[in-house]
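Chemist: Whatever this is, show me its structure:
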Amino acid sequence: MGALEYLGTKASQLIQTTAFTGLTFGNAAMIAIGLLFVYLAIAKHYEPLLLVPIGFGVIVGNIPPAAGMSVGVYDKYSVLWYLYQGVSQGVFPPLIFLGIGAMTDFSTMLSNPKLVLLGAAAQVGVFLTFLGALTLGFTPQQAGAIGIIGGADGPTAIFLSSKLAPTLLGAIAIAAYSYMALVPVIQPPIMYLLTSKKERLIRMKTPRQVSRRERIIFPIAAFLICGLLAPGAIVLIGMLFFGNLLKECTVAERLANTARTAMIDVVTILLGFCVGASTSADHFLTPQSIGIFALGAASFAVATAGGILFAKFMNLFLREKINPLLGAAGVSAVPDSARVVHMVGQKEDPTNFLLMHAMAPNVAGVIGSAIAAGVLWSQLADK
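Modeler: Here you go, the predicted structure:
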């Protein structure tokens, strides 16, 4: 073989080993979506801690591998496959909940317990979407996993999907995190539609001071109640309240600090990147994924409306009225939903501070979505 012929053969082989030969239109479309996520995170500040790793993961997951090379999350025993086990086996979400618990202050919820009902009311989006998914032909297990998107809780959605509908995990996770990131865009129109200016101007009474003893007793008592009512939720709820106990007891501050900083940051990076990398076009661009995104949007809107309308219903019986905007914080996108409530309230009256009040239904929504997931898992899991 001559030198030129040899070089030509090697050049041809080199071209065949690049990703260009296997790049499809679907891959290109998903890479564009990944770039959009990164843009929204950096330019618009939409949940950057989530969208940057997810967006870059989407880009990585849609580079076609060379023939015979195992590099993707679906290639058994590849590096990314090992990392993805934290997602597919439901390991990362409880660790996220541990960190959330260690950074969450339940004082506002304890000072005004009736606001817990708003977090519960917002879960109506979960169960109505479950029925909608069944109507569209999804299996009960798939419908349950899709419905939990309405809780606006990414880790819970991933955890339940890994148990009930692992084949839809990527689409459900991306939908859940996308809508969480778009809280400032999705919620305000619904809030304005369902409330009057007079209602948005309602001021809330200053919350009472909650004692240290109450804050310590709460995570233990709440776990016992929630765990006994919905044992399917004990993994998520247990880690949430354990993290909160670490924070409130003050004698384990090193552990609490690790849980709410280094640990949750590491797990968020791995979870976001792996979820993004799981969205290769051949697994993600399906009619089912489109249906999941449509149902997810409906679920989120219904959950927001459910919280607001229930607040208005409560006001029919309360002497001291609740600002109905607080109902929108019943979805568990912490703390973004609470911030949006505060911003909308301040547009009407810059001296009306709703943030701390909104945190009560917001953290109640975290608990509510985890309980809803536990109920769905216990009822729908294959026996």
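Chemist: mind checking pLDDT for Glu253?
Modeler: pLDDT recorded at Glu253 is 94.
Chemist: Also Lys10?
Modeler: As predicted, Lys10 sits at a pLDDT of 55.
Chemist: same deal with the one 5 residues further on?
Modeler: The predicted local confidence for Ile15 comes out at a pLDDT of 60.
Chemist: In this protein, spot the helix with the most residues.
Modeler: Criterion DSSP state H: the longest helix present in the chain is helix 287-315.
Chemist: could you point out which element follows that helix?
Modeler: Counting by DSSP states H and E, the element after helix 287-315 in chain order, helix or strand, is helix 336-348.
Chemist: Show me the shaky parts of the stretch 1-150 of the chain.
Modeler: 1-17, 19, 67-68 (pLDDT under 70).
Chemist: can you map out the helices along it?
Modeler: Here the stretch 1-150 of the chain has its helices, by DSSP state H, counting those that start in this stretch, at 3-16, 25-43, 48-61, 79-88, 92-103, 107-111, 116-121, 124-135, 140-147.
Chemist: List just the one of the ones you listed that sits closest to Ala372.
Modeler: helix 124-135 (4.9 Å; CB to CB). C-beta: built from backbone N, CA, C; applies to glycine.
Chemist: If you count contacts, what does that closest one end up packed against?
Modeler: Secondary-structure packing of helix 124-135 (3 or more CB pairs under 8 Å, 6 or more residues apart in numbering; DSSP states H and E): helix 140-147, helix 287-315, helix 355-380.
Chemist: got the angle between the longest one and helix 140-147?
Modeler: Counting by axes from the mean of the first three to the mean of the last three CA atoms, to 10 degrees, helix 287-315 points 60 degrees away from the direction of helix 140-147.
Chemist: orientation of helix 287-315 relative to helix 124-135 in degrees?
Modeler: Using the same axes, to 10 degrees: helix 287-315 against helix 124-135 is 140 degrees.
Chemist: go on, the first one?
Modeler: Regarding helix 140-147 and helix 124-135, their directions subtend 140 degrees when assessed with the same axes, to 10 degrees.
Chemist: For Leu194, find the nearest of the helices and strands packed on helix 124-135.
Modeler: Taking the helices and strands packed on helix 124-135 one by one with CB to CB, helix 287-315 is closest: 4.8 Å.
Chemist: distance between the closest one and the chain's centre?
Modeler: Its chain's C-alpha centre and that of helix 287-315 lie 14 Å apart, by CA atoms, centre = their mean, to the nearest Å.
Chemist: can you check stretch 127-142 too?
Modeler: Offset of stretch 127-142 from its chain centre (CA atoms, centre = their mean): 19 Å.
Chemist: What number of residues are in the vicinity of Lys76?
Modeler: Using other CB atoms under 10 Å, Lys76 has 7 other residues around it.
Chemist: Pull the number of nearby residues for the closest residue in space to it that isn't next to it in sequence.
Modeler: Nearest-residue entry for Lys76: Ser70, 7.2 Å, with adjacent residues in sequence omitted and distances by CB to CB, 6 or more residues apart in numbering. By the criterion of other CB under 10 Å, Ser70 has 13 neighbours.
Chemist: and the gap between Ser70 and Lys163?
Modeler: Ser70 sits 26 Å away from Lys163, going by CB to CB, to the nearest Å.
Chemist: what's the helix or strand where Lys198 lies packed up against?
Modeler: Under the criterion of DSSP H and E, Lys198 resides in helix 197-200. Applying 3+ CB pairs under 8 Å, 6+ apart, we find helix 197-200 packed against helix 336-348.
Chemist: Can you pull out the residues in contact with the helix it packs on?
Modeler: 47, 152, 180, 183-184, 187-188, 191-192, 197, 200-201, 323, 325-326, 328-331, 352-355, 358-359, 362, 365 (CB atoms under 8 Å, 6 or more residues apart in numbering).
Chemist: Buried among those residues? Need that as a selection in PyMOL.
Modeler: Of those, the buried ones go into a single PyMOL selection, burial set by 16 or more other CB atoms under 10 Å:
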select buried, resi 47+152+180+183+184+187+188+191+200+323+325+326+328+329+330+331+352+354+355+358+359+362+365
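Chemist: Let me have the helices of the stretch 1-150 of the chain in JSON lines, adding distance to Val267 and mean neighbour count as columns.
Modeler: Output for the helices of the stretch 1-150 of the chain, formatted as JSON lines (distance: least, CB to CB, whole Å; neighbours: other CB atoms under 10 Å):
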{"stretch": "helix 3-16", "distance to Val267": "38", "mean neighbour count": "10"}
{"stretch": "helix 25-43", "distance to Val267": "18", "mean neighbour count": "17"}
{"stretch": "helix 48-61", "distance to Val267": "11", "mean neighbour count": "23"}
{"stretch": "helix 79-88", "distance to Val267": "8", "mean neighbour count": "18"}
{"stretch": "helix 92-103", "distance to Val267": "5", "mean neighbour count": "25"}
{"stretch": "helix 107-111", "distance to Val267": "25", "mean neighbour count": "21"}
{"stretch": "helix 116-121", "distance to Val267": "24", "mean neighbour count": "23"}
{"stretch": "helix 124-135", "distance to Val267": "24", "mean neighbour count": "21"}
{"stretch": "helix 140-147", "distance to Val267": "21", "mean neighbour count": "26"}
